[in-house]
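1. Give the three-dimensional model of this entry:
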Amino acid sequence: MVNGLRISLRRYVLWSLLSLATIVIVLFSIQSSDSFFDGMDGMLRNTMVRAAQSAELDNSNHAQILDLHVYANYDDLPDEIKQSFPQDSFTPFALKKNINKPNWLTRPTWAHFALMVTLGNGETRYVSQTFRAPPPEDYKKFRINHVVYSAAVGVIALISFSVALLFLMRSVSRPIESLQRWAASLDEKELDKPIPEFRYKELNALAAIIHGSLQNVRTTLNREREFVNHASHELRTPIAVIRSSAALLHRVIDSGNTKGNNALARVDHASKTMADLTETLLWLGRNEETALPKESVDLKAMVEALSQDLMYLLSGKDVNVQLNLNECALLLPKTASEIVIGNVIRNAYQHTQQGNVTITLSGATLTVLNEEEGLEQDENASLSITPNSGLDGGFGIGLKLIDKLCAKLEWGYSHKKVITQDTQGNHGEMDSSAKGYSVVLTLK
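-> You can find the predicted model right below:
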């Protein structure tokens, strides 16, 4: 069904078939009732025609055959017949009837029938018949007419069809529900068990497809786990070599060699960052439930250090960095915090060519806003904020990593594109404009 109207397949089939059955039964009941009365009218009309053709009129131009009265002229008809049917309403061989019925649930109290018959010799005869309800019979306390009887039969047929349909839907839906419960309970242990029987071969085929797909997924996950385990060892080894070599170089290089010591310090810092990053990424890739070790972290000092380490990204740019940091110390996984905060600040510095970068720390909430100044904007634009989907060039692969880490660590994280403009000038034009991104982190 459509997105706004989702119903179960069982109810959809059930109500569709019930509606179809109701329409069919009602139509057949109406047709049955109409056919019954059409047949009765046809029989009475043929009887009247034969009576008019075979009757011999007496001196008063009248003849009676059973309850049928035959007349030669319209004026000879009984008054009640003439009151019911005016002379100009008669056409040859067309049955006229007038039935007095108080309501459709009761039988008629009386009925008048009349027919004009044209004979072969050109004569015209009128045939009439009057029915009156017989007196009530004591042994029949309840009577039902044909319409009510047809309606009752239709209702009984509909109820019978509904009961049969419910049994049918139950026999079909139970195996489907069993398949649903089995599919929902599948895990690594259940995948090793044989597939149960679901009565219908189509459901068994679907169960086999589900079972095979999940087995393929499990095989892929096992291969990824093995790769992560092997990669963890392979990555740790070269990083350990780099760090040990850097420690050895610290002893070899002369303390007066400033450039060499600075380069060595950067190598040592990068190798430590690489080691911490590798451990965090491996933990993230293994999808383990164990949490990273936490320690007391001075967020203000961490943000200041990361901002200073990444200043090289602003070399040659006209960018003003403003830090509004409050004292804050929290128990956090230090390496993960450095990765997340460092990525946010790196993106702000990297994608700002001319403008301002404002880093604000208030409690456990870190806000990083970078504004690129001097952009031409439409004079009708003021302040606009677009959804995350509009971040085309402002954030790269770093934010995908931040998304995963924040979701794994259950930290609050949001980013949005912001466009601002200053006040209007003398000629009605905007003096300046700025475009940037705002990132908000809530560390827990």
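2. just for this structure, where's the confidence low?
-> Within the chain, the segments meeting pLDDT under 70 span 1-10, 104-106, 135-147, 228-229, 231-233, 273, 276-277, 279-291, 374-399, 419-434.
3. tell me the secondary structure for the residue located most distally from the centre of the chain?
-> In terms of distance from the mean C-alpha position of the chain, N59 ranks first, at 86.0 Å (CA atoms, centre = their mean). With DSSP: H, G, I helix; E, B strand; the rest coil as the basis, N59 sits in coil.
4. repeat for E56
-> E56 carries the three-state label coil when classified by three-state DSSP.
5. what bridges to the nearest residue to it once chain neighbours are set aside?
-> Closest residue in space to E56, ignoring its immediate chain neighbours: A63 at 6.1 Å, by CB to CB, 6 or more residues apart in numbering. Placement of C-beta: from N, CA and C, glycine included. Following DSSP bridges, A63 is listed with bridge partners V70.
6. can you tell me how far L441 sits from A301?
-> 16 Å (CB to CB, to the nearest Å).
7. Which residue of the two possesses the greater neighbour count?
-> Comparing L441 with A301 by other CB atoms under 10 Å, the one with more neighbours is L441, at 21 against 13.
8. Show me the helices in the stretch 301-444 of the chain, by range?
-> In the stretch 301-444 of the chain, the helices defined using DSSP state H, counting those that start in this stretch lie at 334-350, 397-409.
9. and these, which is most packed in?
-> Burial of those is given as mean neighbour count (mean count of other CB atoms under 10 Å); helix 334-350 ranks first at a mean of 22.
10. just checking, what packs against that one?
-> helix 258-286, strand 295-298, helix 299-309, strand 354-362, strand 365-373, helix 397-409, strand 433-442 (3 or more CB pairs under 8 Å, 6 or more residues apart in numbering; DSSP states H and E).
11. try 6 Å this time
-> helix 258-286, strand 295-298, helix 299-309, strand 365-373, helix 397-409 (3 or more CB pairs under 6 Å, 6 or more residues apart in numbering; DSSP states H and E).
12. Next, format the ones you listed as TSV and append distance to K416.
-> Listed next are the helices and strands packed on helix 334-350 as TSV, based on distance: least, CB to CB, whole Å:
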stretch	distance to K416
helix 258-286	25
strand 295-298	26
helix 299-309	21
strand 365-373	10
helix 397-409	12
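13. Figure out which of these is closest to S89.
-> Evaluated over these, closeness to S89 peaks at helix 397-409, with 86.6 Å, by CB to CB.
14. what sits against L405?
-> 336, 340 (CB atoms under 6 Å, 6 or more residues apart in numbering).
15. nope, D309 is what I was after
-> Counting by CB under 6 Å, 6+ apart, D309 has no contacts.
16. got it, and Y71?
-> Neighbours of Y71 in contact, by CB under 6 Å, 6+ apart: 62, 77, 126.
17. Could you export the helices of the stretch 301-444 of the chain to a markdown table, including columns for distance to R236?
-> Shown next, in a markdown table, are the helices of the stretch 301-444 of the chain (distance: least, CB to CB, whole Å):
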| stretch | distance to R236 |
| --- | --- |
| helix 334-350 | 14 |
| helix 397-409 | 20 |
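18. Please identify which of those is closest to R132.
-> Ranking the helices of the stretch 301-444 of the chain by proximity to R132 (CB to CB) places helix 397-409 first, at 88.4 Å.
19. now that closest one: how far from the chain's centre is it?
-> Helix 397-409 sits 29 Å away from the centroid of its parent chain (CA atoms, centre = their mean, to the nearest Å).
20. just to revisit the earlier point, and the residue nearest to E56, what does it touch?
-> 55, 57, 70.
21. domains of this structure?
-> 9-156, 201-286, 295-442 (automatic domain parsing).
22. Kindly reformat these as a markdown table containing distance to K193.
-> Converted to a markdown table, the domains of the chain look like this (distance: least, CB to CB, whole Å):
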| stretch | distance to K193 |
| --- | --- |
| domain 9-156 | 27 |
| domain 201-286 | 10 |
| domain 295-442 | 32 |
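23. Packed most tightly, which of those domains would that be?
-> domain 295-442 (a mean of 16).
24. Centre of the chain to that one, how far?
-> With CA atoms, centre = their mean, you get 36 Å for domain 295-442.
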